[in-house]
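Undergrad: Need coordinates for the below:
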Amino acid sequence: MPVGRALGFSESFFHFMHGLGAYVIVIGARLRGPVREESVRHALTRAQERHPLLRVHVVEERGVLKFREEGTGAIPLRVGREAFEQAMEDELAHPIAGPRDPRLRALLSLGEGDAFDLILAMDHTVCDGPSLISILNDVLADLDGSPPAAPLPPLPSIEALLTAHGPIPRWTGKNEDQAVPLVPKKPPRGARRTRLLFRDLTVEETRRLAERCRAERTSVNGALTAAGLIAAQKEAKSSGAHLGVITNVGLRDKARPPVAIEHVGNFVSFVQTYHDVSPTTPFWDLARACRDVVASRVAAGEPQGRLAEGQLLWWQRGYLRHVAPRIRHGLANALAISNSGRLPIEAKRGAFTLEAVYGASSQHLIGSSIAIFVWSVPEALRVIIATVEPIVSKEAAGRVVDDVVRALRV
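TA: Residues are numbered from 1 along each chain as shown. Model prediction:
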């Protein structure tokens, strides 16, 4: 499979979204160690040599979008001294702009002593959360002087990997509007910006949460969803709300053959669920319901069905072009959940220590009123709440993140 293949339907969808302004995934690592700019550039070059989709840009030939390797530039690295949280937000706001630029850029932000931050921003067209972890692992390995890992072969699109044994059945479930939208009106796309708030649970708090979830016959993801829904209902300022939730679901294990964690690409889909929430809704009952409904939708094949050819063509040619520019942002979905779980990354690698990793994606084009991103590194939950200003005010975002974390500290 050559690198210069045509984009799959899902990749075409995300490429179109990226062209609307910025549909970017960002990972930020807080590190300590003897870092040098030239060492980071060398590590990025090695990563680009290993991963086929880091060596391509997108072109259109006779109406068909294709990846092209020839003429793609080196991964750009910017060096500075920038506040971590602000730098993460800034990366989410800007698309990969150059026509021959690779779909990844990097920022090395130097701190006091041997502290530094490494922020990777990537076009969602060619990556998911595990992709950025794979790239970060490769960069840290090279910085530590480890032998370069073997180059990886190009892969087909996720649709091709899912249809090895027949076409994907189209998902026929219906999207709904919330009875009580959190967003009464929408400012123009250019006036919106994704804002981030960061919170951590300690190792002990994370352990207690996992134990309590097991005792309550639910999952950490169910508890996260319940905490976000209850916080969203409070912001709706009503006696009850019918709220939509997007839960991201990885499809690497559904592909044939399965896609290893080392590969870079967009191998993710979602399920969409709806919940009635009031001020008296019991937290753990809601957490169990959230877990159960997502599990049933996954078992029914909804994540794969969302990527069916007919479904994505409808989105790309009809919905996105004509409806998305006018959509009332957050009306159909109050909440998005992206729980990456325990990440396959070492906290200590030679002279370098990984103190924390955070990740998020742009929400300001089209998405949910509140997005919760959770990464577990090394043993503690790192929580980011992403909201869109001016749709959700800074004050409201602060209340939401505090309510969510308070609910998780059991």
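Undergrad: neighbours around R199, how many?
TA: Using other C-beta atoms under 10 Å, R199 has 15 other residues around it. (Glycine included, C-beta is placed from N, CA and C.)
Undergrad: Helix, strand or coil: sort out it for me.
TA: Going by DSSP: H, G, I helix; E, B strand; the rest coil, the secondary structure assigned to R199 is strand.
Undergrad: Tell me who's in contact with it.
TA: Applying C-beta atoms under 8 Å, 6 or more residues apart in numbering to R199 gives the contacts 383-385, 401, 404-405.
Undergrad: who's it bridged to?
TA: For R199, the beta-bridge partners are V383 (DSSP bridges).
Undergrad: Now flag whichever of the contacts of R199 is closest to P130.
TA: Using C-beta to C-beta, I384 comes nearest to P130 of those, at 16.8 Å.
Undergrad: okay but the closest one is in contact with R195, surely?
TA: No: counting by C-beta atoms under 8 Å, I384 stays clear of R195, with 10.3 Å between them.
Undergrad: one step back: which of the contacts of R199 sits closest to A371?
TA: I385 (7.3 Å).
Undergrad: so how many other residues sit close to the closest one?
TA: Using other C-beta under 10 Å: I385 sits among 25 other residues.
Undergrad: Setting the sequence-adjacent residues aside, check what's closest to it.
TA: Counting by C-beta to C-beta, 6 or more residues apart in numbering, the nearest residue to I385 once its immediate chain neighbours are dropped is V401, at 4.1 Å.
Undergrad: The one you found should be in a strand, yeah?
TA: No: assignment of V401 by three-state DSSP gives helix, placing it outside any strand.
Undergrad: pLDDT score assigned to it?
TA: With respect to pLDDT, V401 scores 91.
Undergrad: And for it, the neighbour number?
TA: V401: 23 neighbours (other C-beta under 10 Å).
Undergrad: pretty sure it is touching A386, no?
TA: No: assessed by C-beta under 8 Å, V401 is found out of contact with A386, at 9.9 Å.
Undergrad: State the distance from L201 to L132.
TA: Separation of L201 from L132 (C-beta to C-beta, to the nearest Å): 22 Å.
Undergrad: Likewise for A115?
TA: Taking C-beta to C-beta, one finds A115 at 21 Å from L132.
Undergrad: which of those two has more neighbours?
TA: Neighbour totals were compared for A115 and L132, and L132 leads with 24 against 15 (other C-beta under 10 Å).
Undergrad: just checking, the more buried one touches S361?
TA: No: between L132 and S361 there is no contact under C-beta under 8 Å: 10.4 Å.
Undergrad: Now do the shared contacts for the two.
TA: I25.
Undergrad: Can you show me the helices along the stretch 1-150 of the chain?
TA: Assigned by DSSP state H, counting those that start in this stretch, the helices in the stretch 1-150 of the chain fall at 9-19, 37-50, 84-93, 129-143.
Undergrad: Any idea which of those helices gets closest to V26?
TA: Closest of the helices of the stretch 1-150 of the chain to V26 is helix 84-93, at 4.7 Å (criterion: C-beta to C-beta).
Undergrad: in the closest one, what counts as buried?
TA: Residues of helix 84-93 classed as buried by neighbour count (16 or more other C-beta atoms under 10 Å): 84, 87-93.
Undergrad: for stretch 341-352, same thing?
TA: Quick answer for stretch 341-352 (16+ other C-beta under 10 Å): 343, 345-346, 349, 352.
Undergrad: Name the nearest residue to E355, sequence neighbours excluded.
TA: R30 (4.5 Å).
Undergrad: about what we covered before: just curious, which of the contacts of R199 is nearest to A232?
TA: The closest of those to A232 turns out to be V404 (C-beta to C-beta; 9.6 Å).
Undergrad: What strand or helix carries the nearest residue to that closest one once chain neighbours are set aside?
TA: Excluding its sequence neighbours, the residue lying closest to V404 (C-beta to C-beta, 6+ apart) is A227, at 4.5 Å. In this structure, A227 sits in helix 220-236 according to DSSP states H and E.
Undergrad: And S269, by the same measure?
TA: Going by DSSP H and E, S269 is in strand 268-277.
Undergrad: Output the contacting helices and strands for that strand.
TA: For strand 268-277, the packing partners by 3 or more C-beta pairs under 8 Å, 6 or more residues apart in numbering; DSSP states H and E come out as helix 220-236, strand 241-250, helix 283-299, helix 302-305.
Undergrad: what's the distance between E346 and L354?
TA: Per C-beta to C-beta, E346 is found 7 Å from L354.
Undergrad: List the residues that contact T194.
TA: So T194 contacts 89, 92-93, 360, 362-364, 386-388 (C-beta under 8 Å, 6+ apart).
Undergrad: my read is it is in a strand, agree?
TA: Yes: applying three-state DSSP, one finds T194 inside a strand.
Undergrad: mind checking how far it is from I384?
TA: 10 Å.
Undergrad: again, but for A300
TA: A300 sits 30 Å away from I384, going by C-beta to C-beta.
Undergrad: Any buried residues in the one helix or strand A360 maps to, and which?
TA: Assigned by DSSP H and E, A360 belongs to strand 352-361. Across strand 352-361, burial judged by 16+ other C-beta under 10 Å covers 352, 354, 356-361.
Undergrad: Farthest pair within those?
TA: Greatest spatial distance among the buried residues of strand 352-361 (C-beta to C-beta): F352 and S361, at 26.0 Å.
Undergrad: returning to what we had before: now do the shared contacts for T194 and I384.
TA: A360.
Undergrad: what ranges of this structure fall below the confidence cut-off?
TA: 1-2, 164-165, 170-190, 309-333, 365-369, 377-378 (pLDDT under 70).
Undergrad: 80 - rerun?
TA: Residues of the chain that meet the criterion pLDDT under 80 lie in 1-3, 20-22, 97, 164-192, 236-240, 308-335, 340-344, 363-369, 375-380, 389-391.
Undergrad: How is it partitioned into domains?
TA: Residue ranges for each domain of the chain read 9-160, 172-408, as given by automatic domain parsing.
Undergrad: ok, back up a step: which one of the buried residues of strand 352-361 sits closest to F14?
TA: The nearest one, if we look at the buried residues of strand 352-361 relative to F14 and count by C-beta to C-beta, is S361, at 10.4 Å.
Undergrad: Could you find the closest non-adjacent residue to that closest one?
TA: Nearest one to S361, counting by C-beta to C-beta, 6+ apart, is I25 at 4.7 Å.
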